[in-house]
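Trainee: From the sequence below, what's the structure:
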Amino acid sequence: MEKIDVRKRLSSLYRVSHKEVVEMDVPPLRYLMIDGAGDPNTSPDYARAVEALFSVSYTTKFAVKKSGLGIDYGVMPLEGLWWADDWSVFTANDRGAWKWTMMILQPDFVPEEMIRRAIGDVAEKKKLPAVEKLRLEEFHEGRSAQILHIGPFTEEGPTIQRVHDFIDARSARRGKHHEIYLSDIRRAAPEKWKTIIRQPME
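Mentor: Predicted structure coming up:
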């Protein structure tokens, strides 16, 4: 059985240095996605969204492993797109006004019908309320800037500013603030959390 390291295949997107902001072209990628709003630390909808994403992603992984494809792979990390009607709520840390799309990349070698079957299986067996809100969608960010942040989410401000300064000196920002959560925050100490900060640019 072939073990595929998707992060290694997409190393320019998922193996990022914390030393400097880099520009790159993000290709179209396929994600399981779910939308919501509110404080991620306290919102039941956020917790349910994350649970649904991982449940379907792992169900898909095991289905692929058991199939005749002869492939195994690791489930990709949780990612989030963040925005607000008034961007000042981020500066004010008014998390209740935040809007988000949480998502997990689905490898291109996994048949779409297997992912959709996994959604149906999780809906039937686990009765997770958020599963019906999931969608499978191609997302194309294109030209973007990114850097790795090491430390708690509450200390991301200066790192985000570095990305914005990099873009503002060359072009203009567009799209939504994108974060990729590489660490298992249940096990790692906050000062060691690794988060990729990405922002699309014109």
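
Trainee: can you map out the strands along the protein?
Mentor: Listed in chain order, the strands of the chain (DSSP state E) span 2-4, 22-26, 29-37, 71-73, 78-83, 99-105, 135-139, 142-150, 177-181, 194-200.

Trainee: list the contacts for A188?
Mentor: Under the criterion of CB atoms under 8 Å, 6 or more residues apart in numbering, the contact list for A188 is empty. C-beta: built from backbone N, CA, C; applies to glycine.

Trainee: Give me the pLDDT value at it.
Mentor: pLDDT, the model's per-residue confidence, is 85 for A188.

Trainee: From R198, how far out is it?
Mentor: 21 Å (CB to CB, to the nearest Å).

Trainee: circling back: any chance of the strands of the chain in CSV, plus mean neighbour count, mean pLDDT and distance to S43?
Mentor: Formatted as CSV, these follow (neighbours: other CB atoms under 10 Å; pLDDT from 0 to 100; distance: least, CB to CB, whole Å):
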stretch, mean neighbour count, mean pLDDT, distance to S43
strand 2-4, 11, 93, 34
strand 22-26, 14, 97, 28
strand 29-37, 19, 97, 7
strand 71-73, 16, 95, 30
strand 78-83, 19, 96, 13
strand 99-105, 21, 96, 9
strand 135-139, 13, 97, 19
strand 142-150, 19, 97, 22
strand 177-181, 20, 96, 16
strand 194-200, 21, 96, 19
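
Trainee: Mind putting those strands into JSON lines with distance to G120?
Mentor: JSON lines is the format used below for the strands of the chain (distance: least, CB to CB, whole Å):
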{"stretch": "strand 2-4", "distance to G120": "25"}
{"stretch": "strand 22-26", "distance to G120": "30"}
{"stretch": "strand 29-37", "distance to G120": "13"}
{"stretch": "strand 71-73", "distance to G120": "21"}
{"stretch": "strand 78-83", "distance to G120": "22"}
{"stretch": "strand 99-105", "distance to G120": "17"}
{"stretch": "strand 135-139", "distance to G120": "12"}
{"stretch": "strand 142-150", "distance to G120": "33"}
{"stretch": "strand 177-181", "distance to G120": "27"}
{"stretch": "strand 194-200", "distance to G120": "31"}
